[in-house]
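A.B. asks: sequence and predicted structure below; questions after.
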Amino acid sequence: MKFPLNDPQRAAVRYTDGPLLVLAGAGSGKTRVITAKIAHLIEQGANPAGIAAITFTNKAAREMRERIGAPLRRRDGAAAAPTICTFHALGLKILRREAASMHLTPRFSILDPGDIEPIVAELLATGDRARVRAAQWQMSAWKNALISPDQALARAATETEAAVARIYGGYGAALSVYQAVDFDDLIALPVAALEKDAGTAAHWQGRLDYLLIDEYQDTNPVQYRLLRLLTGSRAAFTAVGDDDQAIYGWRGATLANLEQLPRDYPSLKVIKLEQNYRSSIRILRSANALIGHNAKLFEKALWSELGLGEPIQVAPAADDQAEAESVARAIAALKFEHRGRFDDFAVLYRGNHQARAFEQALRAQNIPYAVSGGQSWFDRTEIRDLVAYLRLIANDDDDPAFVRAVTTPRRGVGAQTLEHLGRGLFAAACDGALIGTLPARQREALSEFCKMINSLRYRAEREPAGRLIDELVKTIGYEDYLFSSCDKREAQTRWESITDFVRWLSRKGEADERNLLELTQSIALLTLLEGEEGQDADAVRLSTLHAAKGLEFAHVFLVGLEEGVLPHREAIAAGNVDEERRLMYVGLTRAQRSLRLSWCKRRKRAGEWQSGAPSRFIGELAQEDLRHAETALEAGDAARDKEAGNARLRQMRAMLAR
DNA sequence: TAGAGATTAGTTTTT
DNA sequence: CTAATCTCTA
């Protein structure tokens, strides 16, 4: 084994006699344990193909694959590799095989929240996006908690909830008409398939010799059920997690899964990893002090041998712009002082929208940066356009994909023609009798469209993915469409992402030896092109706290530490401050050497200046390890006061005008 | 059908 | 106050 392991780590790697829970504190080397354990299992003679390691994000899966890659390849190059993927990717794999028992074609489409929004809007008969999203949110929560439409109706507490419950069943029906599933179904439907048929469960249990699961504290009830079904009575699994880093409660994750584990598995062995290899003593002491304010499930005390370290800086700023500027200056200074790299630095914040001020400030200082999180690469319009074609080629019941494909680029088919076709759009469009009554222009457009899709579908199983996608783009004249529908600059960048996408698909098709139809489904689960994300680029990371989990940086700037931001006001209102505290804990424990906390005295909210108070979490740290910046009144303050007064005046005038 | 102007709604985190 | 969506007009 390449890396030396400490005693508890080694114990966790070697223990394979039964279910194991590894409580891995921040920076205690949990990824090392998982990868070492996979290697250990294989050394012990396990079949690599029977091992699966499950993560929550693609990033984590990729990282683990990279870390496991080397030792595996050295052993026997051609042997089947262990499965290392996200929960959703595993669900997809299972559902592909079990689709029929769930009344689905194996070519089912996967719809993301953006695809689902119009469906839910129609069911609710509303154009109110906020309501639609709330409904999507609610139904997702029900699915993740294994609550059926009937149960939802029965227990709906408010009228709004009842209204959502009434469409919940219809939503499922709509998806099955389209032969489509949503993200939650990728876990829920495999669970249903495995529960429905003992033979199916036995099949998968037989295929899986050993299961490792990362970030166990972030599992939701459906995921736990899947875990139980897959491991069966043999219970050959290792769950790795840290209750102090549970930050996905809002997505249905529940610490009850962690509490429940020893009860469901009386023979469960628990190993704690408490030595931290990442942070200085001061950073760790503060993090421990903070998290001490939460009730704990398991007693755990992180310690470090890395030295006391620098005090943690606490600095107020006049507003978010001033905060960003001072962070940018501090980064420039530290970089100069340490001769380090830009990617030693991270700026972490609660919400994506907070990134903006920092982007501006860093750009002004010519400091390279990379924003993680934010909009997914596959969310770009042009990519969604192409993916609609792919979805339709794979699954002709996918009406939403048909609508998008047939109307982009414009080919004279609009709302009226679609109305004429009714439902089951693709079949209708290919139906000579049905379209016979349409004007010639529409009729020709539709039949040509159908011909193209059918021909591509026929060839998709026989020809390389790359060539087909290339041809598709040419056939539909997408380049011309782009350059005629938007200005040159934009068309250029969009066309570039199209060519990137085409290149990526062809490479992917060759590497995995998968055809276009098989590739189509996995696209829905991806957020980045592999190799993108400029991880090799030397740039300051701007990241949400959620997206920063699992990462580490020499210097961390934790910004926007105000009441209402962190802890977030919604969370305070909902009585969820504990999870916010864990979020802060995650942020603190990302830092290796230096940590700087900042908060804004004022912040603009919906165009209004609002005064802010420092987050209660600052007061919960180890005070002896903090160094408060001198709170000199900045010259800008007076000017800003005046501006705030002006804003109020403007608002009053606007009110009077109405 | 596209583009400009007006109006309006928004702010939590993501597979 | 933005950014995005909607609506109206050419």
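C.D. replies: It's in. Numbering: from 1, shown residues only, chains lettered A, B, ... in the order given.
A.B. asks: what helix or strand does the residue in chain A sticking out farthest from the centre sit in?
C.D. replies: What lies farthest from the middle of chain A is A:Thr437; by Cα atoms, centre = their mean that is 46.8 Å. Applying DSSP states H and E as the criterion places A:Thr437 outside every helix and strand.
A.B. asks: same question, the one 10 residues further on
C.D. replies: If you go by DSSP H and E, A:Ser447 is part of helix A:440-460.
A.B. asks: and that helix, what's buried?
C.D. replies: A:Gln442, A:Arg443, A:Ala445, A:Leu446, A:Phe449, A:Cys450, A:Met452, A:Ile453, A:Leu456, A:Arg457, A:Arg459, A:Ala460 (16 or more other Cβ atoms under 10 Å). Any C-beta I mention is one placed from the backbone N, CA and C, and that applies to glycine too.
A.B. asks: how about the residues of chain A by DNA strand B?
C.D. replies: A:56-59, A:86-89, A:112-113, A:129-130, A:183-184, A:247, A:250-251, A:350-353, A:373, A:376, A:410, A:412, A:414, A:485, A:525, A:527, A:544, A:546-547, A:568, A:570-571, A:574, A:605-607 (Cβ under 7 Å from any atom of the strand).
A.B. asks: repeat that for 6 Å
C.D. replies: Contacts of chain A with DNA strand B, taken as Cβ under 6 Å from any atom of the strand, map to A:56-57, A:86, A:88, A:113, A:130, A:183, A:250-251, A:351-353, A:373, A:410, A:412, A:414, A:485, A:525, A:527, A:544, A:546-547, A:568, A:570-571, A:605-607.
A.B. asks: what is the nearest of the buried residues of helix A:440-460 to DNA strand C?
C.D. replies: Relative to DNA strand C, the closest of those is A:Gln442; by Cβ to the nearest atom of the strand it sits at 19.7 Å.
A.B. asks: correct me if wrong: that closest one contacts A:Glu419.
C.D. replies: No: using Cβ atoms under 8 Å, A:Gln442 is not in contact with A:Glu419, being 11.4 Å away.
A.B. asks: how close does A:Ile523 sit to DNA strand B?
C.D. replies: Distance, A:Ile523 to DNA strand B, by Cβ to the nearest atom of the strand, to the nearest Å: 12 Å.
A.B. asks: beta partners for A:Cys85?
C.D. replies: Counting by DSSP bridges, A:Cys85 forms beta bridges with A:Ile54.
A.B. asks: give me the buried positions along the top helix by length along chain A.
C.D. replies: The longest helix of chain A (DSSP state H) is helix A:488-512. Neighbour counts over helix A:488-512 (16+ other Cβ under 10 Å) mark A:Ala491, A:Arg494, A:Trp495, A:Ser497, A:Ile498, A:Phe501, A:Val502, A:Trp504, A:Leu505, A:Ser506, A:Lys508, A:Gly509 as buried.
A.B. asks: got it, and stretch A:361-377?
C.D. replies: Applying 16+ other Cβ under 10 Å to stretch A:361-377 flags A:Ala361, A:Leu362, A:Ile367, A:Tyr369, A:Ala370, A:Val371, A:Ser372, A:Gly373, A:Trp377 as buried.
A.B. asks: tell me where the stretch 101-250 of chain A has strands.
C.D. replies: In the stretch 101-250 of chain A, the strands defined using DSSP state E, counting those that start in this stretch lie at A:109-111, A:180-182, A:210-213, A:237-241.
A.B. asks: check which helices and strands the longest one sits against.
C.D. replies: Secondary structure elements in contact with strand A:237-241, counted by 3 or more Cβ pairs under 8 Å, 6 or more residues apart in numbering; DSSP states H and E, are strand A:20-24, helix A:30-43, strand A:210-213, helix A:221-231.
A.B. asks: if we go to 6 Å?
C.D. replies: strand A:20-24, strand A:210-213 (3 or more Cβ pairs under 6 Å, 6 or more residues apart in numbering; DSSP states H and E).
A.B. asks: what's the most buried one of those strands?
C.D. replies: Each of the helices and strands packed on strand A:237-241 was scored by mean neighbour count; the highest is strand A:20-24, a mean of 26, by mean count of other Cβ atoms under 10 Å.
A.B. asks: sheet partners, orientation included, of that strand?
C.D. replies: By DSSP bridges, strand A:20-24 pairs with strand A:237-241 (parallel), strand A:269-273 (parallel).
A.B. asks: can you list contacts of the last one?
C.D. replies: With Cβ atoms under 6 Å, 6 or more residues apart in numbering as the test, strand A:269-273 has contacts from A:Pro8, A:Ala11, A:Ala12, A:Tyr15, A:Leu20, A:Leu21, A:Val22, A:Leu23, A:Ala24, A:Ser28, A:Lys300.
A.B. asks: do you know how far the second one is from A:Glu518?
C.D. replies: Which is A:Ala11. 41 Å (Cβ to Cβ, to the nearest Å).
A.B. asks: kind regards, and thank you for your time.
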